[in-house]
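**Q** pasting the structure only:
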């Protein structure tokens, strides 16, 4: 695989979605969790989405339960929680693994393209990957990086 747009992901209804549908748009891909200390970042992510979606930005949320089981078992609970508590309107996909033998191929690719500080593994919820309109991973952000701190890099991709 050469870029993000070559992957398929599972939507919450179980159907597959081709990421090629987002070709030509910058993406912010995030592994999320609903019951994490960092969960309030949904508010900042939604704010970026509201501010820049009309200029092409897509934010893709991937619930993950690999870090202290901080995600609901039922994906409907996850999407309702995100919508009711944080007004999330960007796409939330089916729950996935981001590390280990069952890691989704998309996240394996993302980690191979941009390693973390000490290793390529994702250390916690809300690791963020910024992808340019050609599907190239341009930056990886730590879980504690607030979404607003990504805005400068994001605006470079939108200009």
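**A** Noted; the coordinates are in hand. All of these numbers come straight from a predicted model, not from anything done at the bench.
**Q** can you list contacts of stretch 51-61?
**A** 9, 22, 24-30, 32, 45, 48-49, 82, 88, 90-93, 133, 154, 158 (C-beta atoms under 8 Å, 6 or more residues apart in numbering). For every residue, glycine as well, the C-beta is placed using N, CA and C.
**Q** And it, how far out from the chain middle?
**A** Here stretch 51-61 is found 12 Å from its chain centre; the criterion is C-alpha atoms, centre = their mean, to the nearest Å.
**Q** do stretch 121-129 as well
**A** Centroid displacement of stretch 121-129 relative to its chain, using C-alpha atoms, centre = their mean, is 9 Å.
**Q** worst-scoring helix or strand of the protein, pLDDT-wise?
**A** Lowest on mean pLDDT, DSSP states H and E among the helices and strands of the chain sits helix 75-86, with a mean of 87.
**Q** Skipping adjacent residues, who's closest to residue 104 in space?
**A** Of all residues not flanking residue 104 in the chain, residue 96 sits nearest, at 4.3 Å (C-beta to C-beta, 6 or more residues apart in numbering).
**Q** how close does the closest residue to residue 39 other than its chain neighbours get to residue 102?
**A** Leaving out its chain neighbours, the residue that sits closest to residue 39 by C-beta to C-beta, 6+ apart is residue 33, at 6.5 Å. The gap separating residue 33 from residue 102 is 17 Å, by C-beta to C-beta, to the nearest Å.
**Q** Of these two, give the one with the bigger neighbour count.
**A** Using other C-beta atoms under 10 Å as the criterion, residue 33 and residue 102 rank with residue 33 on top: 25 against 9.
**Q** which residues touch that one?
**A** If a contact means C-beta under 8 Å, 6+ apart, then residue 33 has 39, 63, 64, 65, 67, 70, 71, 125, 126 as its contacts.
**Q** So the residue nearest to the spatial centre of the chain: helix, strand or coil?
**A** The centroid of the chain falls nearest to residue 30 when counting by C-alpha atoms, centre = their mean (2.0 Å). For residue 30, the secondary-structure state derived from DSSP: H, G, I helix; E, B strand; the rest coil is strand.
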